[in-house]
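K.L.:
Sharing a model that was predicted from the sequence below.
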There are 2 protein chains.
Amino acid sequence: MAGKVFFSVSMSLDGFTAPESMDGILATPEQRKQDPRLERWMAQWMELQQWIFPLRFFRENLKLGEGGEEGPDNDIARATFERTGASVMGKRMFDLGEPTWPEEAPFHTSVFVVTHQRRDPWERPGGTTFHFVNDGIRSALSQAREAAGDRDVRIAGGSETILEYLNAGLVDEFSITLSPVLFGNGTRLFDGVDASRIALEPVRSEPSPRVTHLAYAVHPR
Amino acid sequence: MAGKVFFSVSMSLDGFTAPESMDGILATPEQRKQDPRLERWMAQWMELQQWIFPLRFFRENLKLGEGGEEGPDNDIARATFERTGASVMGKRMFDLGEPTWPEEAPFHTSVFVVTHQRRDPWERPGGTTFHFVNDGIRSALSQAREAAGDRDVRIAGGSETILEYLNAGLVDEFSITLSPVLFGNGTRLFDGVDASRIALEPVRSEPSPRVTHLAYAVHPR
């Protein structure tokens, strides 16, 4: 159990990790095609994440073909992937991902989904297996630690799940890729954070031409 | 009128530039001494700004004595001061500052206060003169540009005033010193920003051991 527990997200300069809630937007495929909010949602999401799409690692991991950019952004994306021995995610992130991930889901490890839904493990080609955990965030983390071995456990998201782990004192460190974009509204990463109990120690701050990569260790206060 | 219009603030990682509102806390000196919120306000404020207090420039500018740290934080603080030919501030920032600035106020230029209060210019030793502008943000900016000559105009604060200028398309660039601290609540710099009209171009991202200095140019979109 030598691994650390971390999260790693892209954040807008005004603190958002996702555009306004997709609740109701993705309810059915028919609504999806007709809802003008989806276009705005996708445009904001693309802007937030635009640093990652040209990367060689991203293209490799999603089997989009040869080529792609190397450099500090690519090194950081690859290192984040390689340190991850298992992931934990919330039900909402899973529900958004299930219809959109490629058959070979991009995790390539065990993923523990915190949910009330009872469901058998869902094994995908390429090494990703989703396990559905019905008894809370500590149980999911404990199973993820076991599966990760010496590697780290990533709290993949969404923001609500990340915040539950952070406020419970279960996160050792986190990294934020700060994108040069303002959202104005959406899902705030730190909305509801128990700031009185969390001290941050800067670990890394690495600029690239597109974004700034920040990393902090979390300490109790 | 070659100068630029900018703002420069310290921001918590969760997007706050000030702890919860001081409204009612600083109403009278008696309340001030008795209100436990003041202690928490000061502690948060000090944490947010702690990168600046040890600096040689800060000590010089407030006449706190010799010494102090040099290096990238100091260079950036000094450069921000030196580029500033005049400042604009809101009434709330002025009201908070009036009883707390030293006699030799730390601006050393003309400062244009956007307010409904009619008042003669208030000249301080050391070159700071506060002018009280009663006809809106554009008039204050225009007077500040005139006073600044070739140098830049700083929208000093508070956040509400900064946002008015930003949303009006009157800000050319801004810098944010990102402090490794979470507030959880307070005054958000970008609360109410018109994100659909503002595009950001990263200009600088410079880490120091304590903080990360970010700078962006503002473009219409």
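P.N.:
Cool, got the structure.
K.L.:
The closest residue to residue A:126 other than its chain neighbours: neighbouring residues, count only.
P.N.:
Using CB to CB, 6 or more residues apart in numbering or on different chains and skipping residues adjacent in sequence, the residue nearest residue A:126 is residue A:104, 3.7 Å away. C-betas here are computed from N, CA, C, even on glycine. Residues near residue A:104, counting by other CB atoms under 10 Å in any protein chain shown, number 15.
K.L.:
Is residue A:104 in a helix, a strand, or coil?
P.N.:
With DSSP: H, G, I helix; E, B strand; the rest coil as the basis, residue A:104 sits in coil.
K.L.:
how far away is the spatially most central residue of chain A from chain B?
P.N.:
Central residue of chain A (CA atoms, centre = their mean): residue A:156, 3.5 Å from the mean position. Distance from residue A:156 to chain B, counting by CB to the nearest CB, to the nearest Å: 20 Å.
K.L.:
Spit out the contact partners of that residue.
P.N.:
Counting by CB atoms under 8 Å, 6 or more residues apart in numbering or on different chains, residue A:156 makes contact with A:7, A:87-89, A:93, A:107, A:111.
K.L.:
so how far is chain B from the residue nearest to residue A:126?
P.N.:
34 Å.
K.L.:
Flag every buried residue along the one helix or strand the residue nearest to the centre of chain A maps to.
P.N.:
Assigned by DSSP states H and E, residue A:156 belongs to strand A:152-157. Residues of strand A:152-157 classed as buried by neighbour count (16 or more other CB atoms under 10 Å in any protein chain shown): A:152-157.
K.L.:
Adjacent strands (with direction) for that strand?
P.N.:
strand A:5-12 (parallel), strand A:84-90 (parallel) (DSSP bridges).
K.L.:
right, is the following helix or strand past the longest one up against chain B?
P.N.:
Next helix or strand after strand A:5-12 toward the C-terminus (DSSP H and E): strand A:16-18. No. In this structure, strand A:16-18 remains apart from chain B according to CB under 8 Å from any CB of the partner chain; the gap is never smaller than 9.1 Å.
K.L.:
ditto for stretch A:199-206
P.N.:
Yes. Stretch A:199-206 is in contact with chain B by CB under 8 Å from any CB, via A:200-202, A:204-206.
K.L.:
and what of stretch A:44-55?
P.N.:
No. Judged by CB under 8 Å from any CB, stretch A:44-55 makes no contact with chain B; its nearest approach is 8.6 Å.
K.L.:
Give me every residue in chain A lying close to chain B.
P.N.:
A:13-15, A:176, A:178, A:180-185, A:188-190, A:192-196, A:198, A:200-202, A:204-207, A:209-212, A:214, A:216.
K.L.:
Could you look up the SS state of residue A:94?
P.N.:
Applying three-state DSSP: residue A:94 is helix.
K.L.:
picking that back up, quick one: mean pLDDT over the strand holding residue A:156.
P.N.:
Rounded to a whole number, the mean pLDDT of strand A:152-157 is 97.
K.L.:
same thing with stretch A:92-110?
P.N.:
Mean predicted lDDT for stretch A:92-110 stands at 93.
K.L.:
how about the CA coordinates for it, as CSV?
P.N.:
Listed next in CSV are the C-alpha coordinates belonging to stretch A:92-110 (Å, rounded to 0.1, in the frame of the first residue of the first chain):
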residue,chain,number,x,y,z
ARG,A,92,-22.4,10.6,-12.7
MET,A,93,-19.0,10.5,-14.4
PHE,A,94,-19.5,6.8,-15.2
ASP,A,95,-23.0,7.5,-16.7
LEU,A,96,-21.6,10.2,-18.9
GLY,A,97,-18.7,8.1,-20.0
GLU,A,98,-20.4,4.8,-20.6
PRO,A,99,-22.0,5.8,-23.9
THR,A,100,-19.0,7.9,-25.0
TRP,A,101,-15.8,6.0,-24.2
PRO,A,102,-14.4,3.9,-27.0
GLU,A,103,-14.8,0.1,-26.6
GLU,A,104,-11.2,0.1,-25.4
ALA,A,105,-11.9,2.5,-22.5
PRO,A,106,-8.9,4.8,-21.8
PHE,A,107,-8.2,3.7,-18.2
HIS,A,108,-6.4,0.3,-18.8
THR,A,109,-6.7,-0.5,-15.1
SER,A,110,-9.5,-1.4,-12.6
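K.L.:
For residue A:8, give me its contacts.
P.N.:
A:80, A:154, A:174-177.
K.L.:
repeat that with 7 Å
P.N.:
Contacts for residue A:8 (CB atoms under 7 Å, 6 or more residues apart in numbering or on different chains) come out as A:80, A:154, A:174-175.
K.L.:
Closest to chain B out of those?
P.N.:
Distance to chain B across the contacts of residue A:8 (CB to the nearest CB) is lowest for residue A:174, with 10.0 Å.
K.L.:
In terms of helices and strands, where is the closest one?
P.N.:
Per DSSP H and E: strand A:173-179 holds residue A:174.
K.L.:
How far off centre is that strand?
P.N.:
Mean-position distance between strand A:173-179 and its chain equals 11 Å (CA atoms, centre = their mean, to the nearest Å).
K.L.:
That strand - contacts with which helices or strands?
P.N.:
strand A:5-12, strand A:212-220 (3 or more CB pairs under 7 Å, 6 or more residues apart in numbering or on different chains; DSSP states H and E).
K.L.:
ok, and which of these has the densest surroundings?
P.N.:
Ranked by mean neighbour count, the helices and strands packed on strand A:173-179 are led by strand A:5-12 with a mean of 23 (mean count of other CB atoms under 10 Å in any protein chain shown).
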